[in-house]
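Undergrad: Could you look at this predicted model? Sequence included:
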Amino acid sequence: AYPLGGGRGLCALRPEGDPSVATRAPPQRPGVPGRERSQRKPISSGRGVFANEDGATRTSLPCAGRLFSWSRPSTAFYLFPAAQRSRDMSRKRHRLVPETFGLKRRRELGDVEADPLRGESGSARAAVAEIVRLFPRVLFEDALPPIALRSQVYSLVPDRTVADRQLKALQEQGEIRIVQLGFDLDAQGIMFTEDYKTRVLKACDGRPYAAAVQKFLASVLPACGDLSFQQDQMTQTFGFRDPEITQLVKAGVLTVRDAGSWWLAVPGAGRFIKYFVKGRQTVLSMVRKAKYRELLLSELLGRRAPALVRLGLAYHVHDLIGAQLVDCVSTTSGTLLRLPET
Amino acid sequence: LDGPLLAKVLGLELNKDRDVERIHCSGVNTLDIEPVEGRYMLSGGSDGVIVLYDLENSSRQPYYTCKAVCSVGRSHPDVHKYSVETVQWYPHDTGMFTSSSFDKTLKVWDTNTLQIADVFNFEETVYSHHMSPVATKHCLVAVGTRGHKVQLCDLKSGSCSHILQGHRQEILAVSWSPRYEHILATASADSRAKLWDVRRASGCLITLDQHNGKKSQAAESANTAHNGKVNGLCFTSDGLHLLTVGTDNRMRLWNSSNGENTLVNYGKVYNDSRKGLKFTVSSGCSSEFVFVPYGSTIAVYTIYSGEQITMLKGHYKSVDCCVFQSNFQELYSGSRDCNILAWVPSLCDSVPDDDDE
């Protein structure tokens, strides 16, 4: 038995199979590859990476950055000050931007790190399509159109004003319908118009109000993209009589807003709203019960969904982030969800 | 000149060199800086006390305390009995100022003698009042009270000349447009914000609708500006847009000529104030900022893009009001912890300013 040289000094000096040796150090675990490599080849810190006698030192920068990016990013900044400086936007702006901006800049850098939920940073339409994919159709036996909430779109599209304007444009083009969900005036549901039409027609098939609903879907929906309808609009412009409007309310397509004014609604959405409200409270309480009232996003998503959360953890987390019911803090271990102070 | 001014507003921070003398023994509800010179500031407190400060730094030292010039204290015979909610300088000179209070009065003061020139009595507590900053043809003061009607009091004749009817609950904020002397905006606890032309005999011009639905007579009654009480109003400095805040934790930007919601989204603007919230906009900068009290901090947003720039932390309790001094780009804020803090832009290192912002 001869001692193994190099970085594996911690390994046993005797062959593995000898049980009589009590003081043997435990065999080194199949190490974290990055760490092992770093022990073998310590990289000089003083001169930084730009001291290049040949091109080789310059090429070591990207792999060195990769080496440290997930394990200890803070030390990366210390060991490679040049790397930090080259990642900044410009040296001039670094001095011009006052301290009050530091908060914003750090947040921007943080967003670039791996975030399991923030895959899309594109348009509102892509965000709605993504949430619609998360919607559990099986749970409602496909009788309900897949609904996304406005707050979920905010969590996927970083700029809220842009998201609002894009949603408004989609609404005007007739691609999506926005519906006021009853439980909270702030929460609005978004669905693709095609999904909505097919599901509503299927739901009212063979019922006495089928004729009124079909007339409504054919004439009013394409013409008026708003969330609500007024009495004079329905009677004069679209020629609906009072009994027909009563049938529409019975069918669940309209809900009363005020005297002579109705919200557009989704028939059968009551069950969805019940699951949603319970699920939202449950996920929020999961964060509240955690120590210091904060939870890593990866940990929250990795937990088993409690029985009350029927729509899926990812669906609810998007909604909580977008509605600002939890604060998103980017840390070196990923995104942290924290309950706000106020 | 845009670059340095912009950097100044972005660089606002609590400055240890500037203090405002602490006179109030209870929360500071309202602040107002006179528009003529920007030198004198009025503050009104929850104990009915009104204090007048001189903001000018006449000493040569960098460390400076804004001293109180005079005050209407508890021993003054005409002091308000209850909390002062709004104070405002007379827009054309500093010889006069007005104050309104929970004791159901609006008092007009002569600054030099600190005596009352006139008193208007109301039936309900007064939440807010405002006088038009650009008015030349009238001297109307709009008063919002716990009653559902907005009252317009005429300073020349000394009586209430007008009543504007239309709201269904208490009026929490009123504001005249800085562009047209006859346009008034009011905000109420019934979730509605209305724009009025005071020369019209019939009702309001526009009721702001957050959903930008179709405009029709029937719809007017159902339109809401917020999903909760609307408790703050501020016109932008050019008067073309109006900002409103509500207890649904939202701030909305409206086009003041047609009442359209511009859909600029500022995110969650925490607001649990049961009375009015006094916020302010910057003026004289290239890009406009709005400063909103947010709990015990002040949140700063760019108006037209909705981006949050920073949160100014310094107060110990909830912030009630803030005003912007446009000559030096300074912000003064008053809070329930009885302090008035000055946020002065820190001087950055002089760097050649050729940024392509």
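TA: That came in fine, so what should we check first?
Undergrad: what about the strands in the stretch 151-300 of chain A?
TA: Secondary structure of the stretch 151-300 of chain A, counting by DSSP state E, counting those that start in this stretch: strands at A:176-180, A:188-192, A:228-230, A:254-258, A:261-264, A:294-296.
Undergrad: closest one to residue B:72 among those?
TA: strand A:254-258 (46.4 Å; Cβ to Cβ). C-beta coordinates here come from the backbone N, C-alpha and C atoms, glycine included.
Undergrad: looking at the strands of the stretch 151-300 of chain A, which is closest to residue A:136?
TA: Among those, strand A:188-192 comes nearest to residue A:136, with 14.7 Å by Cβ to Cβ.
Undergrad: Run through the neighbouring helices and strands of the closest one.
TA: Strand A:188-192 sits against helix A:124-134, strand A:148-149, helix A:150-156, strand A:176-180, with contacts defined as 3 or more Cβ pairs under 8 Å, 6 or more residues apart in numbering or on different chains; DSSP states H and E.
Undergrad: contact partners of that strand?
TA: A:128, A:132, A:145-150, A:153, A:167, A:175-181, A:227, A:266, A:269 (Cβ atoms under 8 Å, 6 or more residues apart in numbering or on different chains).
Undergrad: Now do the contacts for the residue nearest the centre of chain B.
TA: Central residue check for chain B by Cα atoms, centre = their mean: the C-alpha nearest the mean position is that of residue B:278, 4.5 Å away. Remark: with contacts taken as Cβ under 8 Å, 6+ apart, residue B:278 is in contact with B:30-31, B:86, B:232, B:293, B:320-322.
Undergrad: rerun at 7 Å
TA: For residue B:278, the contacting residues are B:30, B:232, B:320-321, by Cβ atoms under 7 Å, 6 or more residues apart in numbering or on different chains.
Undergrad: same thing with residue B:209?
TA: residue B:223.
Undergrad: For it, give its distance to chain A.
TA: Applying Cβ to the nearest Cβ, to the nearest Å, the value for residue B:209 to chain A is 10 Å.
Undergrad: Return the subset of the contacts of residue B:278 lying in strands.
TA: In strands, judged by DSSP state E, the following of these are found: B:30, B:232, B:320-321.
Undergrad: Which one of the residues you listed is nearest to chain A?
TA: The closest of those to chain A turns out to be residue B:320 (Cβ to the nearest Cβ; 15.4 Å).
Undergrad: what's the nearest residue to the closest one if we skip its chain neighbours?
TA: Leaving aside its sequence neighbours, residue B:320 sits nearest to residue B:29 (Cβ to Cβ, 6 or more residues apart in numbering or on different chains; 5.3 Å).
Undergrad: sorry, back to before: and the strands of the stretch 151-300 of chain A as TSV, adding mean pLDDT and mean neighbour count?
TA: As requested, the strands of the stretch 151-300 of chain A are arranged in TSV below (pLDDT from 0 to 100; neighbours: other Cβ atoms under 10 Å in any protein chain shown):
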stretch	mean pLDDT	mean neighbour count
strand A:176-180	91	21
strand A:188-192	92	21
strand A:228-230	84	23
strand A:254-258	86	16
strand A:261-264	88	20
strand A:294-296	92	18
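Undergrad: Using a markdown table, lay out those together with distance to residue B:63.
TA: Output for the strands of the stretch 151-300 of chain A, formatted as a markdown table (distance: least, Cβ to Cβ, whole Å):
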| stretch | distance to residue B:63 |
| --- | --- |
| strand A:176-180 | 56 |
| strand A:188-192 | 52 |
| strand A:228-230 | 59 |
| strand A:254-258 | 59 |
| strand A:261-264 | 60 |
| strand A:294-296 | 40 |
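Undergrad: from memory residue B:34 sits against residue B:94, does it?
TA: Yes: if you go by Cβ atoms under 7 Å, residue B:34 and residue B:94 touch, sitting 5.0 Å apart.
Undergrad: Show the subsequent helix or strand relative to the helix or strand of chain B with the lowest mean pLDDT.
TA: Ranking every helix and strand in chain B by mean pLDDT, DSSP states H and E puts helix B:2-10 at the bottom, with a mean of 60. Next helix or strand after helix B:2-10 toward the C-terminus (DSSP states H and E): strand B:12-14.
Undergrad: following that following strand, which helix or strand shows up next?
TA: Taking DSSP H and E, what comes next after strand B:12-14 is strand B:18-20.
Undergrad: what about residue B:34 and residue B:94, which has more around it?
TA: residue B:34 (20 against 17; other Cβ atoms under 10 Å in any protein chain shown).
Undergrad: show me where pLDDT drops low in chain B?
TA: B:1-11, B:214-219, B:286, B:346-357 (pLDDT under 70).
Undergrad: For the stretch 251-357 of chain B, give the residue positioned nearest to chain A.
TA: residue B:265 (3.5 Å).
Undergrad: Correct me if wrong: that residue contacts residue A:160.
TA: Yes: contact status for residue B:265 versus residue A:160: in contact at 3.5 Å, counting by Cβ under 7 Å.
Undergrad: which neighbours do those two share?
TA: residue B:306.
Undergrad: hang on, the earlier thing: tell me which two of the contacts of residue B:278 sit farthest apart.
TA: Between any two of those (Cβ to Cβ), the greatest distance is 12.5 Å, for B:30 and B:232.
Undergrad: distance of residue B:20 from residue B:65?
TA: Distance, residue B:20 to residue B:65, using Cβ to Cβ, to the nearest Å: 7 Å.
Undergrad: the more surrounded of those two?
TA: A count of neighbours by other Cβ under 10 Å puts residue B:20 above the other of residue B:20 and residue B:65, at 24 against 15.
Undergrad: how close does that one sit to residue B:330?
TA: From residue B:20 to residue B:330 the distance is 11 Å (Cβ to Cβ).
Undergrad: okay, and the common contacts of the two?
TA: Residues touching both residue B:20 and residue B:330 by Cβ under 7 Å, 6+ apart: residue B:342.
Undergrad: how many other residues sit next to residue B:234?
TA: 23.
Undergrad: ok, now residue B:52?
TA: 22.
Undergrad: Would you mind listing what in the stretch 101-250 of chain A touches chain B?
TA: A:101, A:103, A:160-161, A:164-165, A:168, A:185-186, A:226-228, A:230-233 (Cβ under 7 Å from any Cβ of the partner chain).
Undergrad: Among those, which are located in helices?
TA: When DSSP state H is applied, these are split such that A:103, A:160-161, A:164-165, A:168, A:231-232 fall in helices.
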